[in-house]
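The sequence and its predicted three-dimensional model are supplied below.
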Amino acid sequence: MSAKARKNKQIHWYQVGVDGWLCAAFFSLLFIGVVMVASASVAVAENATGDAFYYLKKHLLFIAISLVGAWMVLNIPVNWYQRLSRPALIVAMLLLIVMMIPGIGIEVNGARRWLNLGVGRFQVVEAVKLALIMSLAAYVVKHEQAIRQSMLGVLRPIILTAVIVGLLLIQPDFGSGVLLMAITLIMVYIAGARYRDLTLIGLISGSAILVLAWAEPYRVKRLVNFTDPWQDPFNAGFQLVQALIAVGRGEFSGVGIGAGIQKLFYLPEAHTDFIFAVYAEELGFLGVLLMVGLFILLFIRIFKISRQAFINGQIYGGFLCSGIVVWLALQTFLSMGVNLGLLPTKGLTLPFISSGGSAIMMNILAVAVVLRVSYENRKMNFRLTKQEAKA
């Protein structure tokens, strides 16, 4: 077939359409994020840089760059992600190692989590999350039978993730390590791992996490203060106490966008880790319901795209979307849980909402990958419909 004939047979986006509900939820969350970064960061930005909209400008710049990157991702066939999964994970792990070198890795508040790119900094673990999911999806496609029938098939991805978690603990980044291990366990469960294998590995992993949590005094302090932050409200429990005050002040309808008080040097990391508390203060219970509803809609649509991929025989695409939705849903739950005092402080951003260049970038690229899988689903259904019409 000639190149011209192949071009004529190509099915374009406008022919098959996009998942409207997914896009609506995605762009609505991005919009809420822009509004909340603007509101939560004004005082901090003006005090630190003299420019009240410094963090907002950075946030908008990263969104713009990410949307350009997303357009490129949308034009890459899903089978290429499967081919690139191993190299992507190897590069991500090497970056975790390189980041430990002084001058290349940037240390902030005692943690070396950022890579110095000269023009800015990048939090490598955000790329590791997507690279690991790509690699896990490729593994379960290739070894699905082994995962279903043997402990060894389940252990291999767990051991790989444990190595990555070990590298993260050196930074240290305990929260991201727990998140990656949870994603891995859920993905092998989706692949059909036996309950007895998962139970045994889950008990071992859970025990290891508890031992690691109690091995460091600052983690023990966080756990103790999480159970009763009011016992030390001006020191160890300060963050959580201020977050709970912000949530409580929001009541039913909130104090109004921009009218929150806790972000004015009371609540640390108001525009990043604790942005949900600022949102709850300014938009109240009704606003929280809206945000939770948008997240649920987003997750449901990604699950449906994953299910359709499995039905269409696109097994890798199905597992890829499953991993992405597990990642986004778990991180959303963990971030909100920390802000509401349901979980110990972990330093995880709220997807699509928190300020943070590397986090928002990888969140947007992840949704672009999902939309590519959705496009290939729709393309296959479009062809079947045309064939049926001809018949």
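Received it, and whenever you're ready, just let me know what you need. Residues are numbered from 1 along each chain as shown.

How about the most centrally placed residue in the chain, nearest residue that isn't a chain neighbour?
Residue closest to the average C-alpha location in the chain (CA atoms, centre = their mean): residue 328, at 4.3 Å. In this structure, residue 328 finds its nearest non-sequential neighbour in residue 351, 5.2 Å apart by CB to CB, 6 or more residues apart in numbering. From N, CA and C alone the C-beta is placed, and that goes for glycine too.

Surely the one you found is within a strand?
No - read with DSSP: H, G, I helix; E, B strand; the rest coil, residue 351 is coil and lies in no strand.

Contact partners for the residue nearest to residue 346 when sequence neighbours are not counted?
The shortest distance from residue 346 to any non-neighbouring residue, by CB to CB, 6+ apart, is to residue 175 (3.2 Å). Neighbour list for residue 175: 334, 346, 347, 348 [criterion: CB atoms under 8 Å, 6 or more residues apart in numbering].

list the contacts for the second one?
Residue 346 makes contacts with 174, 175, 178, 334, 338, as judged by CB under 8 Å, 6+ apart.

Among these, which are located in strands?
Nothing among the contacts of residue 346 maps onto strands, per DSSP state E.

can you redo the residues you listed as a markdown table with distance to residue 18?
Shown next, in a markdown table, are the contacts of residue 346 (distance: CB to CB, whole Å):
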| residue | distance to residue 18 |
| --- | --- |
| 174 | 38 |
| 175 | 33 |
| 178 | 34 |
| 334 | 29 |
| 338 | 33 |
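
Which stretches in the stretch 1-150 of the chain count as helices?
3-9, 13-16, 20-49, 54-74, 78-98, 124-142, 144-149 (DSSP state H, counting those that start in this stretch).

buried sites along the fourth one?
Going by neighbour count (16 or more other CB atoms under 10 Å), the buried part of helix 54-74 is 54, 55, 56, 58, 59, 62, 63, 66, 70, 73.

What helices and strands are in contact with that helix?
helix 20-49, helix 357-390 (3 or more CB pairs under 8 Å, 6 or more residues apart in numbering; DSSP states H and E).

Please identify the buried residues of the last one?
Within helix 357-390, the residues scored as buried using 16+ other CB under 10 Å are 357-380.

quick revisit: could you dump the contacts of residue 175 to JSON lines with distance to residue 29, secondary structure and pLDDT?
Output for the contacts of residue 175, formatted as JSON lines (distance: CB to CB, whole Å; DSSP: H, G, I helix; E, B strand; the rest coil; pLDDT from 0 to 100):
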{"residue": "334", "distance to residue 29": "17", "secondary structure": "helix", "pLDDT": "91"}
{"residue": "346", "distance to residue 29": "21", "secondary structure": "coil", "pLDDT": "74"}
{"residue": "347", "distance to residue 29": "21", "secondary structure": "coil", "pLDDT": "72"}
{"residue": "348", "distance to residue 29": "16", "secondary structure": "coil", "pLDDT": "82"}
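
neighbours of residue 353, just the number please.
29 (other CB atoms under 10 Å).

Roughly how far does it sit from residue 262?
16 Å (CB to CB, to the nearest Å).

Residue 276 now?
Residue 276 is 12 Å from residue 262, by CB to CB.

How about residue 93?
Counting by CB to CB, the gap from residue 93 to residue 262 is 38 Å.

If you count surrounding residues, which of those two has more?
residue 262 (25 against 18).

Need the nearest residue in space to that one, chain neighbours excluded.
Closest to residue 262 by CB to CB, 6+ apart is residue 246, at 3.8 Å.

wait, doesn't that neighbour sit right on residue 264?
No - look at residue 246 against residue 264 with CB atoms under 8 Å: they stay out of range, at 10.8 Å.

picking that back up, check contacts around the residue nearest to the centre of the chain.
Counting by CB under 8 Å, 6+ apart, residue 328 touches 298, 299, 302, 351, 363, 366.

re the thing from before, by neighbours, which of the contacts of residue 175 wins?
residue 348 (25 neighbours).

Regarding it, what are the backbone dihedral angles?
Taking degrees, to the nearest 10, you get phi -100, psi 140 for the backbone angles of residue 348.

Pretty sure it sits against residue 176.
Yes - judged on CB under 8 Å, residue 348 makes contact with residue 176 at a distance of 7.1 Å.

on that earlier part again, nearest to residue 97, of the helices and strands packed on helix 54-74?
With CB to CB, the closest approach to residue 97 among these belongs to helix 357-390: 17.5 Å.

Just the pLDDT for residue 170.
If you check residue 170, the pLDDT there is 80.

Any idea how many residues pack against the closest residue in space to it that isn't next to it in sequence?
Nearest residue to residue 170 in three dimensions, chain neighbours excluded: residue 100, at 6.5 Å (CB to CB, 6+ apart). Residue 100: 12 surrounding residues under other CB under 10 Å.

Which pLDDT value goes with residue 100?
pLDDT, residue 100: 77.

again with the one 4 residues further on
On the pLDDT scale, residue 104 is placed at 71.

So it versus residue 162, what's the distance?
25 Å.

try residue 349
Residue 349 sits 24 Å away from residue 162, going by CB to CB.

do residue 357 as well
Residue 357 is 28 Å from residue 162, by CB to CB.

Kindly reformat the contacts of residue 175 as a markdown table containing distance to residue 196.
Output for the contacts of residue 175, formatted as a markdown table (distance: CB to CB, whole Å):
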| residue | distance to residue 196 |
| --- | --- |
| 334 | 28 |
| 346 | 30 |
| 347 | 34 |
| 348 | 31 |
